[in-house]
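Enquirer: Sequence and predicted model, in that order:
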Amino acid sequence: METRAILATVLAVAIFVLYQAFLAPPMEPQRAEKPQEQAPAGAPAGTPAPPPTQSAKPAAAPVQAPPPAVAPQTQRPPQRTAKVETQLFRAELSSEAGKVQEWVLHYRGEKALAVVGELGLRGLTLGRPDRPAVPIAFRLEPEGVKISGEQKSSVLMTGDDGSGIRVSQTATFSGNDYILDLTIRLENTQTAPQNVIVKIPLVTPVKLPTETSPTAPVQWPTEAVWQLEGNAHRQYDLTALTNQRIDGEWIGIGNIYYLSALVPKTKGMKLMLGAPADGRAEVGLEQAIALGPGQSWEGKVQFYAGPKEYDRLKAHGLAGAIDFGGFPLPRAWGGLPMEWLGIPVLLVMHFFYRYVGNYGVAIILLTVITKVLFYPLTVKSMSSMKKMQAIQPQVNALRAKHKNDPQRAQREMMDLYKKEGVNPVGGCLPMLVQVPIFYALYIALSVSVELQNAPFVCFGRIFGVDLWICDLASYDPTYVLPVIMGVTMFIQQKMTPVTGDPRQAKMMLMMPFIFTFMFFNLPSGLVLYWSVSNLLQIGQQYLMNRSTPARTPRREAKDAARA
């Protein structure tokens, strides 16, 4: 029975790992409630009524006046760009709407978060209730910025929409952060009121392209993510996005390691989700504004495009972008938020890294801390297993004696357990308590962008193959570490007391081979944690076997006679 409990625990851990990797269902996007206000005439479905602002009249009471005289359409100037270089990334802004044409991170190599026409910030567009949005043609100044340290520098963009709205946008970059602060100002130069719709969209392909940037590997998004009332919502299937306008804190696109997000800093901005078109999905920010004659409006937006480092994201209110998952409990019970356990794991690992400078060593120290914390539970589990092993001959005798009456055999075994002071599940429960912790460790190491391209023991490359572990976020190309994990797991199984049917014990010995093949393509950081955990468990098992030998029934009788 004890062996079956251990087998169930091991299988549970395997199921949780496979569930997270392959079977975790994507969260359905939360649908926005229908607005109570009447949308402007001719506005697309889901467009909210223009909210009142300090300098703009409420859209609910528009001024009755003849339509504004349309300013003569000026010839669009040729596209120009402004190049920005910081110690963390390089970027390129276009005079067409101020869109981001290039955004390449200098982060453990170079990673691109923008591809012209396919991926990235599309810039500023202005629309009308009866006309689609059009990009603004800007004049840029200056056309080159280089920032270092904690400096900040800005690119000024000025233009108009050809219908009497003067537009200016200031893009401010920081030398020590992956942030772009946008300040947008609109001014109605006409003598009649105008209703405009400001949009700042992010665009991404709905399917992962095979093409990559010629300068850096592209980090193609695999999800849309947004936050409402402090809770993050995700849509992994980008083809399932629908047109929605939502009141929320931020919205973005990204993958397991990188994020591009827009954070509204002005009241009244809506999160915008768009249905895919032409193979691309669009999310972003939108606001409807009513401008009276000579009135102006100013809005602020923050754009983040960088790695999902927990401390950095938390500083900008974007920590919910990291998907720690949830413990797969039954639907009626809800889910256990893994960030409660995963975040402390990340913080401890980062703490060790600051002192040792190697994430592989930090993982080893984290494993040691985990084993120390659970040592009392391990002792209790092993003690219970040894007691079960001591009375196993009597259990087998009862089974053989009452093989035709399983219920009576079960009753007499329970009487035996009670008489000997043995808890049949005593060895299982301490292990089950640790399962959420192990699962949290698995999740935390899986989503840690700091492990990407982080070496442990790296001797370089030979014939294009890393020797040995040069990227803790990738699998071991030599497969040495998974084999070590399998061998240590086999030794641990052999040292574990056998408390059940010998045939079940033989089946348990197959688990190391199964786990070895499962771990071949898992990140090296996870395999390193599991291998070190097995080694420490072997050491604990050896010490406990020497200090507390199994108590046989004969030894128990002798001790009772002496008493």
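Expert: Nice, I can see it.
Enquirer: In the stretch 51-200 of the chain, where is pLDDT below threshold?
Expert: 51-78 (pLDDT under 70).
Enquirer: Is residue 407 located within a helix, as I assumed?
Expert: Yes. Checked against DSSP: H, G, I helix; E, B strand; the rest coil, residue 407 lies within a helix.
Enquirer: just the strands in the stretch 301-450 of the chain please.
Expert: Secondary structure of the stretch 301-450 of the chain by DSSP state E, counting those that start in this stretch: the strands cover 326-327, 336-337.
Enquirer: which stretch in those has the least confidence?
Expert: The minimum mean pLDDT among these belongs to strand 326-327 (a mean of 62).
Enquirer: do you know how far residue 140 is from residue 447?
Expert: 37 Å (C-beta to C-beta, to the nearest Å). Every residue, glycine included, has its C-beta placed from N, CA and C.
Enquirer: I meant to write residue 421 there.
Expert: On the measure of C-beta to C-beta, residue 421 and residue 447 end up 45 Å apart.
Enquirer: just residue 313 next, same as before
Expert: Relative to residue 447, and taking C-beta to C-beta, residue 313 is found at 11 Å.
Enquirer: circling back to that earlier point, which one of residue 421 and residue 447 is surrounded by more residues?
Expert: Between residue 421 and residue 447, counting by other C-beta atoms under 10 Å, residue 447 is the more crowded of the two (20 against 7).
Enquirer: pretty sure the more buried one is touching residue 321, no?
Expert: No. Contact status for residue 447 versus residue 321: not in contact, 10.1 Å apart, counting by C-beta atoms under 8 Å.
Enquirer: what touches both of the two?
Expert: Among the neighbours of residue 447, those also in contact with residue 321 (C-beta atoms under 8 Å, 6 or more residues apart in numbering) are residue 308.
Enquirer: Starting from the helix or strand harbouring residue 185, tell me which strands it pairs with and how they run.
Expert: Counting by DSSP states H and E, the element that carries residue 185 is strand 179-188. When pairs are called by DSSP bridges, strand 179-188 turns out to pair with strand 165-174 (antiparallel), strand 296-307 (antiparallel).
Enquirer: buried residues in it?
Expert: Within strand 179-188, the residues scored as buried using 16 or more other C-beta atoms under 10 Å are 179-184, 186-188.
Enquirer: Distance to residue 284 added to those residues, as JSON lines?
Expert: Formatted as JSON lines, the buried residues of strand 179-188 follow (distance: C-beta to C-beta, whole Å):
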{"residue": "179", "distance to residue 284": "17"}
{"residue": "180", "distance to residue 284": "14"}
{"residue": "181", "distance to residue 284": "16"}
{"residue": "182", "distance to residue 284": "12"}
{"residue": "183", "distance to residue 284": "17"}
{"residue": "184", "distance to residue 284": "13"}
{"residue": "186", "distance to residue 284": "17"}
{"residue": "187", "distance to residue 284": "23"}
{"residue": "188", "distance to residue 284": "23"}
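Enquirer: Relative to residue 479, which of these is nearest.
Expert: residue 179 (40.8 Å; C-beta to C-beta).
Enquirer: partner residues bridging residue 195?
Expert: residue 290.
Enquirer: Can we start the residue count at 470 from this point?
Expert: With 470 as the first residue, the last one maps to residue 664.
Enquirer: Check the gap between it and residue 922 for me.
Expert: For residue 664, the distance to residue 922 - C-beta to C-beta - is 49 Å.
Enquirer: Which one's more surrounded, those two?
Expert: residue 664 (21 against 15).
Enquirer: I'd say the more buried one and residue 759 touch.
Expert: Yes. Residue 664 is in contact with residue 759 according to C-beta under 8 Å; the separation is 5.2 Å.
Enquirer: which sections of this protein are below the confidence cut-off?
Expert: 470-547, 680-684, 795-805, 858, 892-900, 902-903, 933, 965-975, 1016-1032.
Enquirer: Helices along that one, start to end?
Expert: Per DSSP state H, the chain carries helices over the ranges 471-487, 779-784, 808-825, 828-842, 844-859, 861-870, 875-889, 898-916, 949-964, 971-977, 980-987, 993-1016, 1022-1031.
Enquirer: Let me see the contact set for residue 939.
Expert: Counting by C-beta under 8 Å, 6+ apart, residue 939 touches 922, 924-925, 927, 929-930.
Enquirer: For residue 714, which non-adjacent residue is spatially closest?
Expert: residue 739 (4.3 Å; C-beta to C-beta, 6 or more residues apart in numbering).
Enquirer: Quick check on the contacts of residue 939: which are buried?
Expert: The buried subset of these (16+ other C-beta under 10 Å) comprises 924-925.
Enquirer: Including distance to residue 848, could the contacts of residue 939 go into a markdown table?
Expert: Output for those, formatted as a markdown table (distance: C-beta to C-beta, whole Å):
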| residue | distance to residue 848 |
| --- | --- |
| 922 | 40 |
| 924 | 36 |
| 925 | 31 |
| 927 | 37 |
| 929 | 43 |
| 930 | 45 |
